[in-house]
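Novice: fold the following, please.
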Amino acid sequence: MNKLKITVIKKVIHQDLIDKFENKIDNPCNMNLFDAWIIEDINEKPNNFCLSAWMSLYPFLLTLSSNGSDIYNGWMKDKHSCIVSCNDGCRPVSFLIEVVK
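Specialist: Numbering: from 1, shown residues only. Predicted structure coming up:
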């Protein structure tokens, strides 16, 4: 299995959607820009990693950890990487997933 690195590369807040649809949530996301994790076993989610985000990333982690590449058919400059966002429609976090060489 390939070792992987996950890095937070962007956080967006859609305040208009939050105001319209959500109840008040304390600490909805504890991830910060440029937080990073080295993943040696994709079956072990890091303790401080959002479960919902982990589930969004998992298929991509599985592919890259298993020697898969070019997930987006030529879109990425490095075919051993991908950018994936979590499934939070109000405050999506984008992650860069890279194979550690």
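Novice: next, the residue lying farthest from the centre of the chain: secondary structure please.
Specialist: Distance from the centre of the chain peaks at K20, with 25.7 Å (C-alpha atoms, centre = their mean). Classification of K20 by DSSP: H, G, I helix; E, B strand; the rest coil places it in helix.
Novice: show me where this protein has strands.
Specialist: Using DSSP state E, the strands found in the chain span residues 4-11, 36-39, 81-85, 93-99.
Novice: export those to a markdown table and tack on distance to I71, mean neighbour count and mean pLDDT?
Specialist: C-beta: built from backbone N, CA, C; applies to glycine. As requested, the strands of the chain are exported to a markdown table (distance: least, C-beta to C-beta, whole Å; neighbours: other C-beta atoms under 10 Å; pLDDT from 0 to 100):
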| stretch | distance to I71 | mean neighbour count | mean pLDDT |
| --- | --- | --- | --- |
| strand 4-11 | 13 | 17 | 98 |
| strand 36-39 | 16 | 15 | 97 |
| strand 81-85 | 5 | 19 | 97 |
| strand 93-99 | 9 | 20 | 98 |
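Novice: can you add distance to A53 and give these back as CSV?
Specialist: Listed next are the strands of the chain as CSV, based on distance: least, C-beta to C-beta, whole Å:
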stretch, distance to A53
strand 4-11, 9
strand 36-39, 11
strand 81-85, 9
strand 93-99, 6
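Novice: nearest to S69, out of these?
Specialist: Nearest to S69 among the strands of the chain is strand 93-99 (8.0 Å), distances taken as C-beta to C-beta.
Novice: quick one, that closest one and strand 81-85 angle?
Specialist: Taking axes from the mean of the first three to the mean of the last three C-alpha atoms, to 10 degrees, one finds strand 93-99 and strand 81-85 inclined to each other by 160 degrees.
Novice: each with direction, which strands does strand 93-99 pair with?
Specialist: strand 4-11 (antiparallel), strand 81-85 (antiparallel) (DSSP bridges).
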